[in-house]
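Undergrad: Sequence plus the predicted model coming up.
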Amino acid sequence: MISVACLTKGSTSDEAARYLLNGHGADIHYSYHRLIADVFLSTAEGKTAYSIIPIENTIDGSVSLHTDWLVDEVNLPIQAEWVYPSIQNLIGDVDELTEGGELAYSKIVKVMSHPVAMAQCTQYLKQHLPHAELEHVSSTAEAVRIVKDNPGRGWAAIGQVSAAADNELTVLESAVTDHDNNFTRFLLVGQEPFTLRESQKHKTSILITLPEDYPGALHQVLSAFSWRRINLSRIESRPTKKKLGNYYFLIDIEMSMDTILLPSAIAEIEAIGCQVRVLGSYPSFKYSSPEQL
Ligand SMILES: O=C(O)C(=O)Cc1ccccc1
């Protein structure tokens, strides 16, 4: 049995998790949490083998809060990454929010969702629901549950079809996301390597803190990769939170730690006085169809 911690049942994370994990003959047990902090802590405290973390979005970029948790609060290696299309829908009570069989935008006074899902629907909300109050909650599934628990108030949620069904609500308008190619990158974190399926691609994520007294250190870091022709797929700076103006760099590398090249690049970077922390070396899965990665 593989135990997995995830945001609320019916959340985008839940659907993405099922896409990666189900259908491989393994017995998966999900434990659901309202807050991403509790998703992380479940595995950090050894209650579950893995946690599912949404980490980056096509529209919004990095989910900073989750990145910070991964870096500052827990020490859980990344064991897999995959992308999943996060298509959101407008959900509510069909009797309350329609008129003559048509969706009545004017009846909606408040829309609730997870901030990332809300950001994915910015244009839609501006165009159709400029009058509605927007409220961020801990997940799309939580938004749908709150709408269900507050009938007659003109509230709607942005979330997943399965959450609408679980709460006996209706998808009033489907695919309200502004862009069709809306993908979210998810991470599977935990102590054990992920072996459920084979991947074509492997990645390594590292965190680099530059020495303060070494001008041009970032340039040196990048050149350690470039002359070895090692491809980087992401570089992002985040404040260290220890001193104003101090940053670390999060770098995703399209190569496994099992190669000779990558450890030697890291050794070169350490030699100039950088601190390097490997966040994980892991298989990367590409979304290809609803059935298969
Ligand atoms: O709120 C959810 O359903 C989540 O799982 C977080 C999220 C929201 C939007 C895109 C990806 C993940």
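TA: Done, it's in. Numbers count the residues shown, from 1 in each chain.
Undergrad: residues near Lys126, how many?
TA: Neighbours of Lys126 under the rule other C-beta atoms under 10 Å: 10. Every C-beta, even on glycine, is put in place using the N, C-alpha and C of the backbone.
Undergrad: Helix, strand, or coil at it?
TA: With DSSP: H, G, I helix; E, B strand; the rest coil as the basis, Lys126 sits in helix.
Undergrad: Closest residue of the stretch 151-293 of the chain to the ligand?
TA: Nearest residue of the stretch 151-293 of the chain to the ligand (C-beta to the nearest ligand atom) works out as Thr184 at 4.0 Å.
Undergrad: That residue contacts Glu56, correct?
TA: Yes: counting by C-beta atoms under 8 Å, Glu56 is a contact partner of Thr184 at 7.0 Å.
Undergrad: Give the intersection of the neighbour lists for the two.
TA: Counting by C-beta atoms under 8 Å, 6 or more residues apart in numbering, no residue touches both Thr184 and Glu56.
Undergrad: tell me the domain boundaries of the protein?
TA: Domain assignment for the chain by automatic domain parsing gives 2-85+183-190, 89-173, 202-285.
Undergrad: Now mean pLDDT too, for those domains, in CSV please.
TA: Formatted as CSV, the domains of the chain follow (pLDDT from 0 to 100):
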stretch, mean pLDDT
domain 2-85+183-190, 92
domain 89-173, 96
domain 202-285, 92
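Undergrad: before we move on, the earlier item: then the residue of the stretch 151-293 of the chain closest to the ligand would be within a helix, right?
TA: No: under three-state DSSP, Thr184 sits outside any helix and is assigned strand.
Undergrad: just checking, Ala49 touches Ser3?
TA: Yes: counting by C-beta under 8 Å, Ser3 is a contact partner of Ala49 at 5.1 Å.
Undergrad: When the two are compared, which one has more neighbours?
TA: More neighbours surround Ala49 than the other of Ala49 and Ser3, with 20 against 16 (other C-beta under 10 Å).
Undergrad: Please, which helix or strand holds the closest residue to Pro77 other than its chain neighbours?
TA: Sequence neighbours aside, Gly280 is the residue nearest to Pro77 in space, at 4.3 Å (criterion: C-beta to C-beta, 6 or more residues apart in numbering). In this structure, Gly280 sits in strand 275-285 according to DSSP states H and E.
Undergrad: Which elements pack onto that strand?
TA: Packed against strand 275-285 by the contact rule (3 or more C-beta pairs under 8 Å, 6 or more residues apart in numbering; DSSP states H and E) you find strand 78-85, strand 201-209, helix 261-271.
Undergrad: which other residues reach the last one?
TA: Spelled out, that is helix 261-271. 204, 206, 208, 220-221, 224-225, 228, 230, 253, 255-257, 276, 278.
Undergrad: Let's see that with 7 Å instead.
TA: For helix 261-271, the external contacting residues (C-beta atoms under 7 Å, 6 or more residues apart in numbering) are 204, 206, 208, 221, 224-225, 228, 230, 253, 255, 257, 276.
Undergrad: again, but for the first one
TA: Taking contacts as C-beta under 7 Å, 6+ apart, the residues outside strand 78-85 that touch it are 16, 19-20, 50, 182-190, 192-194, 203, 205, 279-280, 282-287, 293.
Undergrad: Buried among those residues? Make that a ChimeraX selection.
TA: Of the contacts of strand 78-85, the buried ones go into a single ChimeraX selection, burial set by 16 or more other C-beta atoms under 10 Å:
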select :16,19,20,50,182,183,184,185,186,187,188,189,190,194,203,205,279,280,282,283,284,285,293
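Undergrad: Parallel or antiparallel, list what pairs with the strand holding Gly280.
TA: Here strand 275-285 has these sheet partners by DSSP bridges: strand 78-85 (parallel), strand 201-209 (antiparallel).
Undergrad: how about those in a markdown table, adding distance to Tyr248?
TA: Listed next are these as a markdown table, based on distance: least, C-beta to C-beta, whole Å:
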| stretch | distance to Tyr248 |
| --- | --- |
| strand 78-85 | 16 |
| strand 201-209 | 5 |
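Undergrad: Next, format those strands as JSON lines and append distance to the ligand.
TA: Listed next are the strands paired with strand 275-285 as JSON lines, based on distance: least, C-beta to the nearest ligand atom, whole Å:
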{"stretch": "strand 78-85", "distance to the ligand": "8"}
{"stretch": "strand 201-209", "distance to the ligand": "19"}
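Undergrad: which of the ones you listed sits most buried?
TA: strand 78-85 (a mean of 22; mean count of other C-beta atoms under 10 Å).
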